[in-house]
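>>> Below is the sequence, then the predicted model.
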Amino acid sequence: MPDPFETRLTRHLLDWYDRHHRDLPWRVTPTAHRQGLRANPYHVWLSEVMLQQTTVQAVKPYFRKFLERWPDVSDLASAPVEDVMAAWAGLGYYARARNLKKCAEAVASLHGGVFPDTEDGLRALPGIGDYTAAAVAAIAFNRPAAVMDGNVERVISRLYAIDAPLPGSKPVMKARVRALTPVERPGDFAQGMMDLGATICTPKRPSCVLCPFRDDCLALGRDDPERFPVKAAKKEKPIRQGAAFVAVSADGAVLLSRRPASGLLGGMTEVPTTSWTSRQDGGTTPDHAPFPADWQPAGVVTHVFTHFELRLTVFRALISTRPLMQGCWWEPVEQLEAQALPTVMKKAITLAIPRAFSPASTAPDS
DNA sequence: CATCCGTGGTG
DNA sequence: TCACCAAGGAT
């Protein structure tokens, strides 16, 4: 039996979503949805994977680029993985790109190119966890799955003034979400909760006066919504150091290599580097260059990863020949843009070759 | 369950 | 400036 209180909260949220939903490229508006237009599961899945720990603004251009290049899941399944990694470069969390490709292959070969339409079926695919399985099931297939991401955690923790810290409080919050999720319009409810968290129930300075839950929110009742969600203290970031070597040949090519398939920046392209160590004096000299050359310091790149900060001393050398290096290749500067270079490597190359990624890099000097 | 995994925007 | 953190998943 539905609880009248929960039912009222759900209705308030859906009414708010009808009026204030965001229009997004992968989304079907609530009006169109009521008229029978269904969201494309491929679009929903692709957007949800891209949106994992990533902002809407950052995702939009990547989403358009992927759809234009690979219009459906079977196109993505048959694409070279290097192309997918290169197209993903800059978006971060590169295991997502590897799993995106694996998932597309599984859908194409195991499911005949059609996404499973249940939470459990989706959950079994690579790169799809609890959140994404529930989101795709609800949004693309109208399943009453309980969708809980960081936005929903914030909304729920405030609405019910949950004092227990994350992540331990997740099961309690998930039960609250489950009780609120309607059999009718579960996808709109999930998207409404996320829109509410993104635009009204924000981490700092929430706009409670505009919130559909303003009359029922226990955190607002305590006059302290910013206190929630309570989170466990986080570790501080160590600093690691290393050196990167940008070798430029006389005919304008750069020495590149491929990082190991798993781990940090797995499967992405790099310039040769030393190992990145936490030692104070470690790895910032040309001693470990890929080959002897007239290595000149070009500066230091600082880049912040999730769990450490990297200070990379960049060396540059102009060389007349192209030494053949095991596991490396020489890439013309004007083709670097097509490589799967993560941001830290683009920073290092730009420091050594300032015009490497400028549109005019192929034009003669003026 | 804790740790590892990127990047860019924001207050 | 800098701490926070965004539609999390794999191990």
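Perfect, thanks for sending it. Fair warning: this is a prediction, and the values are worked out from it, not measured in the lab.

>>> Please make it C-alpha for all contacts and neighbour counts, starting now.
OK.

>>> Mind listing residues that contact the lowest-mean-pLDDT helix or strand in chain A?
Sorting the helices and strands of chain A by mean pLDDT, DSSP states H and E puts helix A:30-34 at the bottom, at a mean of 88. Under the criterion C-alpha atoms under 8 Å, 6 or more residues apart in numbering, residues A:Asp18, A:Ala39, A:Asp188 lie in contact with helix A:30-34.

>>> what's the following helix or strand after that helix?
Next in sequence after helix A:30-34, counting helices and strands by DSSP states H and E, comes helix A:41-50.

>>> What parts of chain A come near DNA strand B?
By C-alpha under 7 Å from any atom of the strand, the residues of chain A that approach DNA strand B are A:53-54, A:57-58, A:89-95, A:167-168, A:204-205, A:263-266, A:303-307, A:342-344.

>>> ok, now with 6 Å
A:53-54, A:90-94, A:168, A:263-265, A:304-306, A:342-344 (C-alpha under 6 Å from any atom of the strand).

>>> and DNA strand C, which of those contact it?
Contacts with DNA strand C within the residues of chain A next to DNA strand B, counted by C-alpha under 6 Å from any atom of the strand: A:Gln53, A:Thr54.

>>> Separate out the buried members of the residues of chain A next to DNA strand B.
Applying 16 or more other C-alpha atoms under 10 Å to the residues of chain A next to DNA strand B, the neighbour count classes A:Gly90, A:Leu91, A:Gly92, A:Tyr93, A:Tyr94, A:Leu265, A:Pro342, A:Val344 as buried.

>>> and of those residues, the nearest to A:Leu180?
For those, the minimum distance to A:Leu180 (C-alpha to C-alpha) is 31.6 Å, reached by A:Tyr93.

>>> Which of the residues of chain A next to DNA strand B fall within helices?
Members of those lying in helices (criterion: DSSP state H): A:Thr343, A:Val344.

>>> where in chain A is pLDDT low?
Scanning chain A with the threshold set as pLDDT under 70 gives A:1-2, A:280-282, A:359-366.

>>> From the centre of it, point out the most distant residue.
Taking C-alpha atoms, centre = their mean, the residue of chain A most remote from its mean C-alpha position is A:Ser320, at 40.5 Å.

>>> related to what we said a few turns ago, so which of the contacts of helix A:30-34 wins on neighbours?
A:Asp188 (24 neighbours; other C-alpha atoms under 10 Å).

>>> who's in contact with it?
A:Leu14, A:Tyr17, A:Pro30, A:Ile139.

>>> ok, 7 Å please
For A:Asp188, the contact set (C-alpha atoms under 7 Å, 6 or more residues apart in numbering) comprises A:Pro30.

>>> all helices for the stretch 51-200 of chain A, in order.
Using DSSP state H, counting those that start in this stretch, the helices found in the stretch 51-200 of chain A span residues A:56-69, A:73-77, A:81-88, A:95-110, A:119-123, A:130-141, A:150-159, A:170-180, A:186-199.

>>> A:Thr273 is nearest to which of those?
Closest among the helices of the stretch 51-200 of chain A, using C-alpha to C-alpha: helix A:81-88, at 20.0 Å.

>>> Other residues contacting the closest one?
In this structure, residues lying in contact with helix A:81-88 by C-alpha under 7 Å, 6+ apart are A:Ala97, A:Lys101, A:Met268, A:Ala338, A:Gln339, A:Ala340.

>>> how much space between the second one and A:Gly112?
A:Lys101 sits 16 Å away from A:Gly112 when distances are taken as C-alpha to C-alpha, to the nearest Å.

>>> Cool, thanks, talk later.
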